[in-house]
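Just a sequence and a predicted model for now, questions to come.
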Amino acid sequence: MAMENDKLFVELEASQWIKTGQAACGDDFRCVRIPNEKRTIAVLSDGLGSGIKANLMASMTSTMALEFVRSNMDILQSAEIIMDSLPVCEIRKISYATFTVFDMQLGGKTRVVEMDNPPFIHLRNLIDLPKNNVKELVSERWPDRKMKITEVSMAPGDRLIAFSDGVTQAGLGCPGWKFGWRRDGALNFIRRTVEKNPEISARDLASMIAAEAMSIHPERKCMDDITCMVLYLRHPRVLRVITGPPFRKETDREYANLAVFPEGKVVLCGGTTANIVSRELRTRVDIDIKMVSRSGNLPPPGYMRGVGLVTEGILTLTQVAADLESGDWQNSAAAAKEIVNLMMDSDIVEFIVGTKINEAHQDPTLPVDLEMRRNVIKRLQASLENKYRKNVTIRYF
């Protein structure tokens, strides 16, 4: 595995459903990447009860746990500080939150720390691998709080899956689910899902597990907060977005060759960009007539043979930036929606940005929200990195 570390990517996503009738989720999920350590840390916490108070306890627990693990603080001491810090429930007179921590370091030690959440799943080739290297810790101050620390050996294609008890107890007491979905029910669903789609993303798998847990109730109600987090170790999926003509015309051929990218997928944004690539590679753009009716306020997308998706430039990228910032692109124009979906299915997004100024975009009579290409790219980078945990590179040409 050591030889492949630089070629591997850790995809980490979570999906949540709030308990029916509540305004806030009593579970919390947080994660951080530490690039210089090739390390990824994620925490799923479940606060006592539901609603605002549970959300407060879960948020405090996940925030502290993330920082303690990140700083390599003693895990037992960390748990004691967390328990000492949590507010006490006025009714039950206890302070309580469960948690699961994934602490993964490429080429190094991978740990899973658990306290009272359902046992995590380590899936490899549809098999839930046995936990052999497990250590139990008990606090003297909190003797009823037992922690398990499991050292895990990860291989490309492996998944770590953890969830709150809202998943395992889904459907509890309902017809056919006397004891709830339980861990075995969730595991069987995960196996069937991965068997149908062996390369399913962490994002899609987490969403499907959480949705399936919610749907078990006859009235499709969440009787408890539902959270599922999935870590997926694999070779990265790369999207290359090429936009804007290059600064020097004599580099057009070199620029166009960047659209030949067998390692990933390509999007060409802008008519001038597409014309340069089409001319230099001697290929053409095809427009699907069916897409015209769904094109919305943007020109319809096209496809260039041997390259990939082709769209209009600055207006489309501006819409993509807005969609990523809002988190809602289901009803967006077809071109923007396709780009966002490609970005969501990718781990690394490479922007190749031509730096020749397009005089049309200097017209002061154009709409105020028509931003310069480089500013839009910066917005895209900020959203992709901070909100969607993507790796982003920008190369100006």
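Done, it's in. Numbers count the residues shown, from 1 in each chain.

Export only the CA atoms of stretch 153-171, formatted as PDB.
This file holds the C-alpha atoms of stretch 153-171, laid out as PDB (Å, rounded to 0.1, in the frame of the first residue of the first chain):
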ATOM      1  CA  SER A 153      -5.600  -2.000   8.100                       C
ATOM      2  CA  MET A 154      -7.100  -0.300   5.000                       C
ATOM      3  CA  ALA A 155      -6.600  -1.400   1.400                       C
ATOM      4  CA  PRO A 156      -7.800   0.400  -1.800                       C
ATOM      5  CA  GLY A 157     -11.500  -0.200  -2.300                       C
ATOM      6  CA  ASP A 158     -12.200  -0.600   1.500                       C
ATOM      7  CA  ARG A 159     -15.000   1.300   3.200                       C
ATOM      8  CA  LEU A 160     -15.600   2.300   6.800                       C
ATOM      9  CA  ILE A 161     -19.200   2.800   7.700                       C
ATOM     10  CA  ALA A 162     -20.600   4.200  11.000                       C
ATOM     11  CA  PHE A 163     -24.100   5.300  12.000                       C
ATOM     12  CA  SER A 164     -26.100   6.500  14.900                       C
ATOM     13  CA  ASP A 165     -28.700   4.200  16.600                       C
ATOM     14  CA  GLY A 166     -31.400   5.900  14.600                       C
ATOM     15  CA  VAL A 167     -30.200   3.600  11.800                       C
ATOM     16  CA  THR A 168     -30.100   0.300  13.700                       C
ATOM     17  CA  GLN A 169     -33.300   1.100  15.600                       C
ATOM     18  CA  ALA A 170     -35.300   2.200  12.500                       C
ATOM     19  CA  GLY A 171     -38.700   0.600  12.400                       C
END
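
Might you calculate how far it sits from the centre of the chain?
Taking the mean of its C-alpha atoms, stretch 153-171 sits 15 Å from the chain's own mean (C-alpha atoms, centre = their mean, to the nearest Å).

State the mean pLDDT of that stretch.
Across stretch 153-171, the average pLDDT comes to 94.

how about the nearest residue to Val266, chain neighbours excluded?
Spatially, and ignoring its direct neighbours in sequence, Val266 is nearest to Gly308 (3.9 Å; C-beta to C-beta, 6 or more residues apart in numbering). Where you see a C-beta, it was placed from the backbone N, CA and C, and this is true even at glycine.

now swap in Gly354 and tell me
In space, Gly354 is closest to Gly244, 3.2 Å off (C-beta to C-beta, 6+ apart).

The one you found touches Val353, doesn't it?
Yes: if you go by C-beta atoms under 8 Å, Gly244 and Val353 touch, sitting 5.6 Å apart.

Next, show the common contact partners of the two.
Shared contacts of Gly244 and Val353 (C-beta atoms under 8 Å, 6 or more residues apart in numbering): Arg373.

Comparing those two, which shows the higher neighbour count?
Gly244 (27 against 18; other C-beta atoms under 10 Å).

can you pull the contacts of that one?
Contact analysis of Gly244 by C-beta under 8 Å, 6+ apart lists 270, 272-273, 313, 353-356, 358, 373.

same thing but at 7 Å, please
270, 273, 353-356, 373 (C-beta atoms under 7 Å, 6 or more residues apart in numbering).

And these, which of them are buried?
With burial judged by 16 or more other C-beta atoms under 10 Å, the buried subset of the contacts of Gly244 is 270, 273, 353-354, 373.

Return the closest of the residues you listed with respect to Glu254.
Ranked by distance to Glu254 (C-beta to C-beta), the buried ones among the contacts of Gly244 are led by Gly354 at 11.7 Å.

The closest one touches Pro245, doesn't it?
Yes: with contact defined as C-beta atoms under 7 Å, Gly354 counts as touching Pro245 (4.6 Å).

per-residue pLDDT, Val368?
Reported pLDDT for Val368: 38.

ok, now Arg395?
93.

Secondary structure element holding it?
strand 391-396 (DSSP states H and E).

which parts of that strand are buried?
Buried, per 16+ other C-beta under 10 Å, within strand 391-396: 391-392.

neighbouring strands for that strand, and are they parallel or not?
Sheet pairing for strand 391-396, assigned by DSSP bridges, gives strand 348-353 (parallel).

Can you tell me what sits against the strand it pairs with?
Strand 348-353 is contacted by residues 236, 238-244, 258, 343, 373-374, 377, 384, 390-397 when judged by C-beta under 7 Å, 6+ apart.

Helix or strand next in line after that strand, which one?
Going down the chain from strand 348-353, the next helix or strand is helix 373-386, by DSSP H and E.

buried ones in that next one?
373, 376-377, 379-381, 383-384.

same question for the helix ranked longest in the chain, mean pLDDT?
Counting by DSSP state H, the longest helix found in the chain is helix 51-70. Averaging the model's pLDDT scores along helix 51-70 yields 92.

okay, stretch 231-244 in CSV with CA atoms only?
Extracted C-alpha coordinates of stretch 231-244, given in CSV (Å, rounded to 0.1, in the frame of the first residue of the first chain):
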residue,chain,number,x,y,z
LEU,A,231,-15.2,6.6,4.4
TYR,A,232,-14.1,5.2,1.0
LEU,A,233,-10.5,4.6,0.1
ARG,A,234,-9.9,4.5,-3.6
HIS,A,235,-8.1,5.8,-6.6
PRO,A,236,-9.2,9.4,-7.2
ARG,A,237,-11.8,10.5,-9.7
VAL,A,238,-10.6,13.6,-11.6
LEU,A,239,-12.6,16.2,-13.4
ARG,A,240,-10.7,18.7,-15.6
VAL,A,241,-12.6,22.0,-16.4
ILE,A,242,-11.0,24.0,-19.3
THR,A,243,-12.3,27.5,-19.8
GLY,A,244,-11.1,30.6,-21.6
